[in-house]
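K.L.:
no letters, just coordinates:
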DNA sequence: ACTGGCGCCTGTTTGC
DNA sequence: TGCAAACAGGCGCCAG
C-alpha cells in the first residue's frame, strides 16, 4: 500500500532488519517480480556473501546499497507490495522475493498483486534520472516542488499523481492534501493561484508528516482533521458532516467533500 | 510535449 | 448463501 509514507516505513524496516547482515542467499518465487530482465540466478550471484550497507528513498522507491562501490537494490511496491523482516522458517504467503541472512531470518518482499518490482541498479541518482522522477515530495522545498507545475494544463489531481512532476504522492494522500486545501481534484493547474499552490505545498507536507507519524496507517490519522479515516469509515466529511463524494479523475477514484471543495467551472 | 485512458495481476468486497 | 462483477493506496504504454 505504498505511497511515500509507506516507503518511509519500508526503508526503516530495511535499515533496521537488513543492514550489516551477511546475505546467505536469495529465493525468487516468481521471476515476474524482478524488473529490467534481472534473472534469479544473477540476483543470487550478485548478493550472496554481501552485506547491505546503506539505504535511501526517493518518492515511492526504496534503495539499499550492497557492498562498497558495487551497486544498489531498488524496491518498488506497486499497489500491494511491502517488505518485512521475518524470523527463520516463517515465510509469509506472498513473499515472492526473499533475502536470507546468515543465522538471522530473512527480508521478505511481498506483493500479492505482482505489480511490485525488485531491481539491481547502479545508483539511486541514475535511476531517478532514467525513470524521469520529479523531486521527492517530502524533501523538496516549496520552489523545487512547484517548479514542475509551471506550464501544466491538466487536473491538479492528475499532476499530483504524476511521478515525473513530484515523486511520492499516490491516490489517497493526493486526495487528502486537496481536501485539506479545499481544492476540487478536477481543478486544473492553471486555475490555481500562486498562493493556492504554495498552500497546497504546505498541505502536502502536513499530510505526509502526519502519515509518517502514524506509520502510514491512514485509518490512524486524526479523524477530526483528516478525511482518510472517513473514506474507510462513515464516508462523511469530518469538518462539515456532509457525505463524501467520488469522481473518476485521471483514471483514479477521487474522494472529496462537496461542501469544502467546489467543482471548477 | 502533455494528457487521459487502458491493461497488467490477483485478492477482497459488492451486488444480484 | 453463491457466484460474477467491480474494485483496489501504481505504473508503463498508447493514441489523440
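P.N.:
Okay, I see it. No experiment lies behind these values; they were computed from the predicted model shown.
K.L.:
would you mind measuring from the residue of the stretch 101-250 of chain A at minimum distance from DNA strand C to residue A:67?
P.N.:
Per Cβ to the nearest atom of the strand, residue A:170 is where the stretch 101-250 of chain A lies closest to DNA strand C, at 2.2 Å. Placement of C-beta: from N, CA and C, glycine included. As judged by Cβ to Cβ, to the nearest Å, residue A:170 and residue A:67 stand 32 Å apart.
K.L.:
the two: which has the busier surroundings?
P.N.:
residue A:170 (20 against 14; other Cβ atoms under 10 Å).
K.L.:
pretty sure that one contacts residue A:77?
P.N.:
No. Taking Cβ atoms under 8 Å as the definition, residue A:170 is not a contact partner of residue A:77, at 10.2 Å.
K.L.:
report the set of residues contacting both of these two.
P.N.:
A:2, A:60 (Cβ atoms under 8 Å, 6 or more residues apart in numbering).
K.L.:
which residues are in contact with the closest residue to residue A:181 other than its chain neighbours?
P.N.:
Using Cβ to Cβ, 6 or more residues apart in numbering and skipping residues adjacent in sequence, the residue nearest residue A:181 is residue A:203, 4.6 Å away. Contact partners of residue A:203, counting by Cβ under 8 Å, 6+ apart, are A:177, A:178, A:180, A:181.
K.L.:
name the member of those with the most neighbours.
P.N.:
Using other Cβ under 10 Å as the neighbour test, these are led by residue A:178, with 29 neighbours.
K.L.:
in contact with that residue, which residues?
P.N.:
By Cβ under 8 Å, 6+ apart, the contact set of residue A:178 is A:156, A:157, A:160, A:184, A:185, A:200, A:203, A:254, A:256, A:261.
K.L.:
buried subset of these as a ChimeraX selection?
P.N.:
Here is the ChimeraX selection string for the buried members of those, based on 16 or more other Cβ atoms under 10 Å:
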select /A:156,157,160,184,185,200,203,254,256,261
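K.L.:
which one of the contacts of residue A:178 sits closest to DNA strand B?
P.N.:
Once Cβ to the nearest atom of the strand is applied, the member of the contacts of residue A:178 that ends up nearest DNA strand B is residue A:157, at 8.0 Å.
K.L.:
pLDDT value on the closest residue to the closest one other than its chain neighbours, please?
P.N.:
What sits nearest to residue A:157 in space, not counting adjacent residues and going by Cβ to Cβ, 6+ apart, is residue A:185, at 3.7 Å. You'll see residue A:185 listed with a pLDDT of 96.
K.L.:
just residue A:1 next, same as before
P.N.:
62.
K.L.:
hang on, the earlier thing: in which helix or strand would I find the residue nearest to residue A:181?
P.N.:
helix A:194-213 (DSSP states H and E).
K.L.:
so where do the strands sit in the stretch 101-250 of chain A?
P.N.:
Counting by DSSP state E, counting those that start in this stretch, the segments of the stretch 101-250 of chain A that form strands are A:106-110, A:117-121, A:245-249.
K.L.:
out of those strands, indicate the one that is most buried.
P.N.:
Highest mean neighbour count of these: strand A:106-110, a mean of 25 (counted as mean count of other Cβ atoms under 10 Å).
K.L.:
do that strand and DNA strand C meet?
P.N.:
No. Interface with DNA strand C: strand A:106-110 contributes nothing (Cβ under 7 Å from any atom of the strand), its closest point being 13.5 Å away.
K.L.:
near DNA strand C, which residues of chain A show up?
P.N.:
Within chain A, the positions near DNA strand C by Cβ under 7 Å from any atom of the strand are A:1-3, A:5-6, A:59-60, A:76-79, A:113, A:115, A:131, A:161, A:163, A:170-172, A:216, A:218, A:251-253.
K.L.:
low-confidence stretches in the stretch 1-150 of chain A?
P.N.:
In the predicted model, the stretch 1-150 of chain A carries pLDDT under 70 at residues A:1.
K.L.:
look up phi and psi at the residue in it positioned nearest to DNA strand B.
P.N.:
The minimum distance from the stretch 1-150 of chain A to DNA strand B, using Cβ to the nearest atom of the strand, falls at residue A:113 (3.4 Å). Dihedral pair for residue A:113: phi -90, psi 0, per degrees, to the nearest 10.
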